[in-house]
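Asker: Build the 3D model from these lines:
(2 chains)
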Amino acid sequence: MTNKELADLIFPHVTKTIEDYEKMYPERNLPEGAVVSRFAPSPTGFVHMGSLRSAFIAKKVPQDTGGVFYLRIEDTDGARTVENGIQGIIDDLKNFEITIDEGVVSETEQKGAYGPYIQSQRKEIYETFAKYLIEQGLAYPCFCSPEEIEEIRTMQELNKERIGYYGSYAKCRFLTNEERAERIRRGDPYIIRLKSPGNFQNKVVLQDLVRGKIEFPENDLDIVIIKSDGLPLYHFAHLVDDHLMRTTHIIRGDEWISSTPVHLQLFQVFGFEPPKYAHLGTVMKVDENGTRRKLSKRKDPEAAVSYYHQQGIPVEAVKLYLMTIANTNFESWWDQNPTLGIDDFKFDFKKMSVSGSLFDLEKLLNISKSYISRMKATEVYDSLLLWAKEFDQEFASILEKYKDYSIAIFNIEREQKKPRKDYASFSSIKDCVWYMYDEYFTGDLEYQFGKIQDREEIRKILKLYLEKYYQESDDKDTWFQKVKQLSEELGYCSDMKEYKANPDQYPGSVADISTVIRVAVTTSAMTPDLYEILRLLGRERIEKRIELLETK
RNA sequence: GGUCUGUUGGUGAAGUGGCUUAACACACCACCCUCUCAAGGUGGCAUUCACGGGUUCGAAACCCGUACAGACUACCA
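Answerer: Reported below is the predicted structural model:
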């Protein structure tokens, strides 16, 4: 029995040839140096920080070079697939503004001429490629049961030999085509394995874009290419898809490094030119007991990118963070070119950190803080409102009700050379400004007075301030002069230098007087500029709040 | 067990043989500024680049070995 007859027996319904597909998916007509890359997740429902980083880079490089970035869904493993998993990924990408040129755009829609972009819809294509291999005698059906494979493995472990289906252990490799046909006709379950032409003694070289030259022994494992469910294994799907979709750069996690000899061999067996590979270091985190480990979806809430969306970290801040960990020279570049953005920066694989970087939430928040501090008040308002509509409806309606007032609040110490930097995320803004809204300034309030705690003294200070000194129309200088006069009248020191030199000669200072006013109207001893707050609150509110304090 | 990769401060890291008495950023500490907080300013924070050996006039950088860590070694991706 010939290989061709065997191939026809296994894949009787496959009529197309590889050449047909080569014609259907021709070389892309792109400018010199244009990169085609992809993000190819399993539909597990959400995107991990490490994957987002890969996706971000996989998009950035085509963008820099005038290439194509596409999204492919790798759903050949039923166990990994979850309901609405594709939508979850699309939503996450959308939230982080990672748009695609081609690929899956929704659960039911795809765009681009190199599809389908969902692997489970490409079954016939994989079969065509597998059939060719069988015809060439480069692949064969394997009837070994999982138990038999397990046996081989324990035997190899016992003999301290290399583990795997290779050489004389590859039993089914030595079957005749007649035996194969007979067992297939009998209905024995089987899978398709590559008949590896590799020799473990020979070396194969990978020129990794990130790590440089890596040498491996050639692959001699007869790897599975088609599973018993008829779908391909990752390695085979990678070959078929990335060849046919004309991918030029494979940008993926470094857990794939050790499989690359298999991939290189697959390309060689078909006579295709292999793509370039860039293996990215794993994103790590430090465990409670001080050891490094992979960021885990289960243990670390900050691993899921939806967390940042919920926290209201601006998308741009996340991107800036990803860029700073992606290219080590980005941060200083951005420092020197503050007016430019990520799009103006040229990504370079050589400037990637090779080892896995620690995920630094602190740093992300810092970047976020700086970023928000540079936003205009109206931009803060718009972004915050958008966030609140999704995650804090009550706050959203308050923001809408007091639009101009809110913008004025966000403008305190903003839009100046050295803006205030206190909002790390949109979710944290309410905690900073709640006291500006009467809706929140109610119920059990906790006043955090400082040095002056005596209620009689506080009453005296506030009464005198309202009756004699406070003028709504005062400008900032006049306002502060009056607070100083108030301090003097009550025997407090109005000059901080003098007070610090002789603290024992006074009951307190203008700082303590200010604190009393500040706490009375906000409950907090730590707020932005008091003058601005009083100005925004206005006389009526201030009086009401001081009255309210009297009742406490 | 095998194959591959990595190891510079609390963290991210720069560094490709002499310009390194190891840049920069985050964190932390101190002081200054200051009505509080934040921000900002100034300074401090690795006598040393996992360890041992070698090459060299000279090494964090090159080579070898050891240790530790990670990945892969599935009909998972």
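Asker: ok, residues contacting stretch A:513-525?
Answerer: With contact meaning CB atoms under 8 Å, 6 or more residues apart in numbering, stretch A:513-525 is reached by A:435, A:441, A:445-452, A:458, A:461-462, A:465, A:483, A:486-487, A:490, A:492, A:527, A:530, A:533-534, A:537, A:541-542, A:545-546, A:549. C-beta: built from backbone N, CA, C; applies to glycine.
Asker: so does it get close to RNA strand B?
Answerer: Yes - legend: contact between stretch A:513-525 and RNA strand B by CB under 7 Å from any atom of the strand is shown at A:Ser514, A:Thr515, A:Arg518, A:Ala525.
Asker: from those, which is closest to RNA strand B?
Answerer: Within the residues of stretch A:513-525 next to RNA strand B, the smallest distance to RNA strand B is 3.5 Å, found for A:Ser514 (CB to the nearest atom of the strand).
Asker: And the closest one, which helix or strand is it part of?
Answerer: Using DSSP states H and E, A:Ser514 sits in helix A:510-522.
Asker: Show me which positions of that helix end up buried.
Answerer: Neighbour counts using 16 or more other CB atoms under 10 Å place A:510-522 of helix A:510-522 among the buried residues.
Asker: Over to stretch A:130-137?
Answerer: So, applying 16+ other CB under 10 Å, buried residues of stretch A:130-137: A:Ala130, A:Lys131, A:Tyr132, A:Leu133, A:Ile134, A:Glu135.
Asker: Mind putting the residues you listed into CSV with distance to A:Asp92?
Answerer: Below are these laid out as CSV (distance: CB to CB, whole Å):
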residue, distance to A:Asp92
A:Ala130, 33
A:Lys131, 37
A:Tyr132, 37
A:Leu133, 37
A:Ile134, 40
A:Glu135, 42
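Asker: Which helix runs longest in chain A?
Answerer: Longest helix of chain A, by residue count under DSSP state H: helix A:530-551.
Asker: From the contact counts, what lies against it?
Answerer: helix A:403-410, helix A:455-464, helix A:476-489, helix A:510-522 (3 or more CB pairs under 8 Å, 6 or more residues apart in numbering; DSSP states H and E).
Asker: if you set the cut-off to 6 Å instead, what comes out?
Answerer: helix A:510-522 (3 or more CB pairs under 6 Å, 6 or more residues apart in numbering; DSSP states H and E).
Asker: Can you give me every residue that contacts A:Ala58?
Answerer: Neighbour list for A:Ala58: A:Ser37, A:Phe39, A:Ile251 [criterion: CB atoms under 6 Å, 6 or more residues apart in numbering].
Asker: nope, A:Ser120 is what I meant
Answerer: Neighbours of A:Ser120 in contact, by CB under 6 Å, 6+ apart: A:Asp75.
Asker: For A:Phe11, which non-adjacent residue is closest in space?
Answerer: Among residues not flanking A:Phe11 along the chain, A:Lys131 sits closest, at 4.4 Å (CB to CB, 6 or more residues apart in numbering).
Asker: Give the next helix or strand downstream of the helix or strand the one you found falls within.
Answerer: Following DSSP H and E, the helix or strand that holds A:Lys131 is helix A:123-135. Counting by DSSP H and E, the element after helix A:123-135 in chain order, helix or strand, is strand A:139-142.
Asker: That following strand packs against which elements?
Answerer: Going by 3+ CB pairs under 6 Å, 6+ apart, strand A:139-142 lies up against strand A:191-194.
Asker: ok, is the strand it packs on in contact with RNA strand B or not?
Answerer: Yes - with CB under 7 Å from any atom of the strand as the criterion, RNA strand B is reached by strand A:191-194 at A:Ile191.
Asker: what does stretch A:145-159 give?
Answerer: Yes - applying CB under 7 Å from any atom of the strand, one finds stretch A:145-159 touching RNA strand B at A:Ser145, A:Pro146, A:Ile149, A:Arg153.
Asker: List just the nearest of the residues you listed to A:Leu175.
Answerer: For those, the residue nearest A:Leu175 by CB to CB is A:Ser145; the value is 14.8 Å.
Asker: For the residue nearest to the closest one when sequence neighbours are not counted, grab phi and psi.
Answerer: Computed as CB to CB, 6+ apart, the closest residue to A:Ser145 that is not its neighbour in sequence is A:Pro189, at 8.0 Å. In terms of degrees, to the nearest 10, the main-chain angles of A:Pro189 are phi -70, psi 150.
Asker: Also A:Asp208?
Answerer: Torsion angles, degrees, to the nearest 10, at A:Asp208: phi -80, psi 140.
Asker: and the gap between it and RNA strand B?
Answerer: For A:Asp208, the distance to RNA strand B equals 8 Å [CB to the nearest atom of the strand, to the nearest Å].
Asker: Any idea how many residues pack against that residue?
Answerer: 18 (other CB atoms under 10 Å).
Asker: now swap in A:Ala396 and tell me
Answerer: By the criterion of other CB under 10 Å, A:Ala396 has 17 neighbours.
Asker: Pull the contacting residues for A:Leu466.
Answerer: A:Leu466 touches nothing, counting by CB under 6 Å, 6+ apart.
Asker: And the pLDDT for the most far-flung residue of chain A relative to its centre?
Answerer: For chain A, the largest distance from the centre (CA atoms, centre = their mean) belongs to A:Glu489, which lies 58.0 Å off. For A:Glu489, the pLDDT comes out at 89.
Asker: ok, now A:Leu536?
Answerer: 92.
Asker: For it, which non-adjacent residue is spatially closest?
Answerer: In space, and not counting its chain neighbours, A:Leu536 is closest to A:Ala408: 5.6 Å by CB to CB, 6+ apart.
Asker: Let me know whether stretch A:341-351 sits next to RNA strand B.
Answerer: Yes - counting by CB under 7 Å from any atom of the strand, RNA strand B is contacted by stretch A:341-351 at A:Lys350, A:Lys351.
Asker: Export that stretch to CSV, keeping only CA atoms.
Answerer: Output of stretch A:341-351 as CSV, limited to C-alpha atoms (Å, rounded to 0.1, in the frame of the first residue of the first chain):
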residue,chain,number,x,y,z
GLY,A,341,3.7,60.0,22.8
ILE,A,342,4.2,56.3,22.6
ASP,A,343,3.4,56.4,18.8
ASP,A,344,6.4,58.5,18.2
PHE,A,345,8.7,56.1,20.0
LYS,A,346,10.4,53.4,17.9
PHE,A,347,10.3,50.0,19.5
ASP,A,348,13.4,47.9,19.4
PHE,A,349,13.6,44.2,20.3
LYS,A,350,17.2,44.6,21.3
LYS,A,351,16.2,47.0,24.0
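Asker: In it, which residues are buried?
Answerer: Buried, per 16+ other CB under 10 Å, within stretch A:341-351: A:Ile342, A:Phe345, A:Phe347, A:Phe349.
Asker: Sweet, I'm off.
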